[in-house]
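In: This is a predicted model, with the sequence first.
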Amino acid sequence: MRKPFMWGKQLPTTAHKGAPLVVENVHKRFVQGAKIAHVLRGVSLTVKSGEIVALVGESGSGKSTLARTTVRLYTPDGGKLIFDGQDVTRVSGRQLQNYRERVQMLFQDPFASLNPTHKVRTILLRSLPTRARSLPSRARDALLREVLDQVGLTPADNFLHQYPHELSGGQRQRVALARSLAGKPDLVVADEPVSMLDVSLRLGVLNLMLSLNDQYGIGYLYITHDLASARYVASRIAVMYAGEIIEEGPADEIIAHAMHPYTQILVQAAPDPQRHGRGDVDETVFSGEPPNLSQEIVGCPFQFRCSHVMNRCRQEPPPMRSAEVGHQVKCYLFRDEVTTVVSD
């Protein structure tokens with residue numbers, strides 16, 4: 001049975017009710033001189049309470065923009081963010097602060113995301129909930145020791161008075177995770193949290209995230225370009241390309257039965273100890289360049305690199321189709337509820 005995520009007796013709380021996050025047809029654009037880059041183009045995604053969803057895609061696909069939009073570092077230009085049944089798309093002030101306490105961000109670079117002039121104690125103090133910061137100093141320090149214990153930095157007193165540069169990369173990322181946990185969140189948006197760590201440290205951080213999910217029901221939107229780590233931590237995978245979700249489904253189903261040509265090449269390129277070399281990877285799938293997001297895209301965004309492109313792919317974007325139970329794909333190769341290839 002999962003424990004409610006709360007600090008000890010110093011800060012009694014009531015466990016939050018189920019708080020799914022719904023990203024509904026979200027758009028985000030950036031102005032670059034005379035050009036407008038449409039980085040998110042109608043993204044829809046749901047993260048249920050206590051669920052780990054992996055968002056996978058190559059650099060430039062819009063993953064980090066979606067992460068920052070989800071935690072309201074960016075405000076969507078269109079669409080909605082629904083959290084716990086409430087529209088938080090444009091909330092401000094205290095409402096936005098409450099939302100950010102419950103939906104926290106874990107950044108990619110553990111050194112850049114921590115203020116180098118502050119000790120760990122100060123970094124964590126600033127992330128405590130408002131009422132916790134009003135507690136006596138001894139009670140606050142007890143909370144900080146507890147959160148450091150939660151992320152495996154023990155004994156906590158050895159870390160509270162250190163600066164970020166005095167810690168290893170893995171320790172810094174654990175401090176960053178502790179900071180994101182200090183507000184007792186329901187959901188952590190983790191933007192490639194292990195990509196800048198040594199390979200030997202990555203598994204420890206991923207296992208820590210899984211442990212916190214198992215013990216306290218903390219959900220994650222885990223953003224990565226690494227399909228192998230996505231499969232390791234997530235129950236569901238969404239694949240992003242050119243600002244769109246192009247395939248989504250249970251993690252094992254996506255890996256075993258990838259349907260979109262882009263997802264298929266990602267799966268084939270991922271390390272697999274049971275496959276020698278690169279196997280039958282179709283190199284022609286990635287010929288050409290991804291679309292320019294500052295220009296209008298007519299048709300399927302993957303048409304410029306796809307070896308299966310058909311005439312209708314160039315004329316109209318494919319809708320999201322249900323291929324299997326819980327498995328959806330945006331591709332004209334498949335019809336609803338079937339997995340057979342169709343011709344142009």
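Out: Sure thing, it's come through.

In: count of neighbours near residue 144?
Out: Number of residues near residue 144 (other C-beta atoms under 10 Å) recorded here: 24. C-beta: built from backbone N, CA, C; applies to glycine.

In: who touches it in this structure?
Out: Each residue near residue 144 by C-beta atoms under 8 Å, 6 or more residues apart in numbering is listed here: 121, 124, 125, 128, 156, 160.

In: got it, and residue 83?
Out: So residue 83 contacts 19, 20, 21, 22, 99, 102, 103 (C-beta under 8 Å, 6+ apart).

In: thought residue 177 was touching residue 205?
Out: Yes: using C-beta atoms under 8 Å, residue 177 makes contact with residue 205 at a distance of 7.4 Å.

In: Mind listing the shared neighbours of those two?
Out: By C-beta under 8 Å, 6+ apart, the residues touching both residue 177 and residue 205 are residue 193.

In: residues near residue 163, how many?
Out: Residue 163, neighbours per other C-beta under 10 Å, totals 15.

In: Could I get the phi/psi values of it?
Out: Per-residue torsions, residue 163: phi -90, psi 160 (degrees, to the nearest 10).

In: State the distance from the residue nearest to it when sequence neighbours are not counted to residue 38.
Out: Spatial nearest neighbour of residue 163, chain neighbours left out: residue 119 (5.8 Å); criterion: C-beta to C-beta, 6 or more residues apart in numbering. Computed with C-beta to C-beta, to the nearest Å, the distance linking residue 119 and residue 38 is 42 Å.

In: Check residue 53 too.
Out: For residue 53, the distance to residue 38 - C-beta to C-beta - is 23 Å.

In: Same question for residue 178.
Out: 36 Å.

In: So between the two, which is more surrounded?
Out: residue 178 (24 against 19).

In: Which secondary structure state does that one sit in?
Out: helix (DSSP: H, G, I helix; E, B strand; the rest coil).

In: I figured it hits residue 150, correct?
Out: Yes: the criterion here is C-beta under 8 Å, and residue 178 meets it with residue 150 at 7.0 Å.

In: Quick check on residue 142: phi, psi?
Out: Dihedral angles (degrees, to the nearest 10) for residue 142: phi -60, psi -40.

In: So what's the residue count around it?
Out: Neighbours of residue 142 under the rule other C-beta under 10 Å: 17.

In: can you give me the strands in the stretch 51-200 of the chain?
Out: When secondary structure is read from DSSP state E, counting those that start in this stretch, the stretch 51-200 of the chain shows strands at 52-56, 78-83, 86-87, 103-106, 187-191.

In: Just give me the neighbour total for the residue nearest to residue 190 when sequence neighbours are not counted.
Out: Of all residues beyond its chain neighbours, the one nearest residue 190 is residue 106 (4.2 Å), with distances taken as C-beta to C-beta, 6+ apart. Each residue near residue 106 was counted by other C-beta under 10 Å, and the total is 26.

In: go on, residue 138?
Out: 8.

In: where do the helices sit along this structure?
Out: 63-70, 93-102, 120-125, 130-133, 137-150, 157-160, 169-181, 199-216, 227-233, 251-256, 261-269 (DSSP state H).

In: Residue 112: which of those helices is closest?
Out: Proximity to residue 112 (C-beta to C-beta) singles out helix 169-181 among the helices of the chain, at 9.9 Å.

In: who does that closest one touch, helix- and strand-wise?
Out: strand 103-106, helix 120-125, helix 137-150, strand 187-191, helix 199-216 (3 or more C-beta pairs under 8 Å, 6 or more residues apart in numbering; DSSP states H and E).

In: pull the CA atoms of it into CSV?
Out: What follows is helix 169-181, C-alpha atoms only, in CSV (Å, rounded to 0.1, in the frame of the first residue of the first chain):
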residue,chain,number,x,y,z
GLY,A,169,27.0,14.9,-10.7
GLY,A,170,24.8,12.2,-9.3
GLN,A,171,24.6,13.9,-5.9
ARG,A,172,23.7,17.2,-7.6
GLN,A,173,20.9,15.6,-9.5
ARG,A,174,19.6,14.0,-6.2
VAL,A,175,19.6,17.5,-4.6
ALA,A,176,17.7,18.8,-7.6
LEU,A,177,15.2,15.9,-7.2
ALA,A,178,15.0,16.7,-3.5
ARG,A,179,14.2,20.3,-4.4
SER,A,180,11.4,19.2,-6.7
LEU,A,181,10.0,16.9,-3.9
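
In: What residues of it count as buried?
Out: Residues of helix 169-181 classed as buried: 169-181 (neighbour count, 16 or more other C-beta atoms under 10 Å).

In: With stretch 78-98 instead?
Out: For stretch 78-98, burial by neighbour count (16+ other C-beta under 10 Å) applies to 79, 81, 83, 84, 88, 89, 91, 98.

In: Let me know the closest of those residues to residue 295.
Out: Nearest to residue 295 among the buried residues of stretch 78-98, counting by C-beta to C-beta, is residue 79 at 21.2 Å.

In: Now do that closest one against residue 173, distance only.
Out: With distances taken as C-beta to C-beta, residue 79 is found 31 Å from residue 173.
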